[in-house]
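Engineer: one predicted model, sequence on top.
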Amino acid sequence: MKNALKKWDSKSGFLTLPKIGVALLLFVVVLSCKKYSETEEATAEMTETAASADNVSSSAAVENKNSDRKFIRTADAKFKVKNVAQSTYAIENATTKFGGFVTYTNLQSSVSEKFDTKISQDSTLETTRYKVENNITIRVPNTQLDTVIKTIAKQIDFLDYRVIKADDVSLQLLSNQLAQNRSKNYENRLEKAIDEKGRKLKEINPAEENLNNQKENNDNKKLENLALNDKVNFSTISLYIYQPETTRLEMVVNQADISAYRPHIGIQILDGLRTGWYMLEAIIGFIVQLWSLILIAFVGYFVYKKYWKQSIKVS
């Protein structure tokens, strides 16, 4: 059999494979290389897909650090979680960890159905179907918005929707600043005119009133810019989270039906005889306690019958 598989080369002195064997060997090597290449491509594709999915979750929150624009970023999301309470704690901890704070949270249970099933004379099975939900509003630093969104995404079991908005308020901030400067300049001119003008009451009062209005407008623009800058620096995230409907079973004592606790008729008869005997004993005891009065009455009756009646007959 060895002679069939191998062939002796008289010139080189080495064993060589037949042509068919060489062809099969090359085919196996090429096929293995092709499968390995396909496996590498599939792995790379899966890695790229996972990375792109991770980027999609927060790409709308990324800002160019060299940009002069000012954005107010807000995010709204609704999603299902496995446990609302645990997810709430995780979101609150993540908010604090990245320098934010919670402005509103409303964790509550909504009962959808509740009914009782009588199991025995003294036990009732109380069935409650309810849904736990929470509305959360948090504010986080604008630079940490994408990180916080990625952290919150770990709690998602099913995503209903996610909306991220970025409103450019650069021009509005500039407009308020320019209006504030104009108001400040006019305010300074009014103050100077009032100081240089005579102290005539009729002329000063309208000017002072106009000056107060300008100061008020200036303050309003300043406060408006402060509010806008606060919204720019801290993004607002509004979340609505919920969990699947839960069923709660609880065995409770049936206090409404007291007939099951009534004793049997035989027990009632025995209790009646026992109670009557106790009453008789009480009466006898009470009479015994009055023995002195009974003795006095008996002696008095005896004296009356023996002596009082004889004195009446003699007389």
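Structural biologist: Nice, thanks for sending it over.

Engineer: which parts of the stretch 51-200 of the chain are strands?
Structural biologist: Using DSSP state E, counting those that start in this stretch, the strands of the stretch 51-200 of the chain run over residues 71-80, 101-118, 123-141, 158-168.

Engineer: which one of these lies closest to Thr275?
Structural biologist: strand 123-141 (31.6 Å; CB to CB). No exception for glycine: its C-beta is placed from N, CA and C like everyone else's.

Engineer: please name the strands paired to that closest one in the sheet, noting orientation.
Structural biologist: strand 101-118 (antiparallel), strand 234-242 (antiparallel), strand 246-253 (antiparallel) (DSSP bridges).

Engineer: quick one on the thing from earlier: just the strands of the stretch 51-200 of the chain: most buried one?
Structural biologist: strand 71-80 (a mean of 18; mean count of other CB atoms under 10 Å).

Engineer: avg pLDDT for that one?
Structural biologist: Strand 71-80 shows an average pLDDT of 92 in the prediction.

Engineer: now it against strand 234-242, angle please.
Structural biologist: Compare the direction of strand 71-80 with that of strand 234-242 by axes from the mean of the first three to the mean of the last three CA atoms, to 10 degrees and you get 10 degrees.

Engineer: by how many degrees do strand 71-80 and strand 158-168 diverge?
Structural biologist: Using the same axes, to 10 degrees: strand 71-80 against strand 158-168 is 170 degrees.

Engineer: listing partners with orientation, what would you give for strand 71-80?
Structural biologist: strand 158-168 (antiparallel), strand 234-242 (parallel).

Engineer: for Gln180, find the nearest of the ones you listed.
Structural biologist: strand 158-168 (19.9 Å).

Engineer: what does that closest one contact?
Structural biologist: Outside strand 158-168, the residues that touch it by CB atoms under 8 Å, 6 or more residues apart in numbering are 60-61, 63, 69-80, 149.

Engineer: now, which of these sits nearest Ala94?
Structural biologist: Nearest member of those to Ala94, counting by CB to CB, is Ile149, at 10.0 Å.

Engineer: the closest one: how many residues sit nearby?
Structural biologist: 21 (other CB atoms under 10 Å).

Engineer: what's the distance between it and Lys82?
Structural biologist: 19 Å (CB to CB, to the nearest Å).

Engineer: residue contacts, the closest residue to Arg248 other than its chain neighbours?
Structural biologist: Of all residues not flanking Arg248 in the chain, Thr128 sits nearest, at 4.5 Å (CB to CB, 6 or more residues apart in numbering). Residues near Thr128 by CB under 8 Å, 6+ apart: 111, 113-114, 247-248, 250.

Engineer: could I get the strands paired with strand 123-141 in CSV, plus columns for mean pLDDT?
Structural biologist: Conversion of those to CSV gives the following (pLDDT from 0 to 100):
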stretch, mean pLDDT
strand 101-118, 90
strand 234-242, 95
strand 246-253, 86
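
Engineer: so which of the ones you listed is nearest Ile156?
Structural biologist: strand 234-242 (8.9 Å).

Engineer: low-confidence ranges, the stretch 151-300 of the chain, go.
Structural biologist: 182-214, 255-261 (pLDDT under 70).

Engineer: on that earlier part again, and the strands of the stretch 51-200 of the chain: which comes nearest Asp219?
Structural biologist: Using CB to CB, the strands of the stretch 51-200 of the chain put strand 71-80 closest to Asp219, at 21.9 Å.

Engineer: before we move on, back to that, which of the contacts of Thr128 sit farthest apart?
Structural biologist: The widest separation within the contacts of Thr128 (CB to CB) is 14.3 Å, between Glu113 and Glu250.

Engineer: tell me the one of the contacts of strand 158-168 nearest His264?
Structural biologist: For those, the residue nearest His264 by CB to CB is Lys80; the value is 55.7 Å.

Engineer: do I have it right that the closest one meets Pro244?
Structural biologist: Yes - applying CB atoms under 8 Å, one finds Lys80 in contact with Pro244, separated by 7.0 Å.
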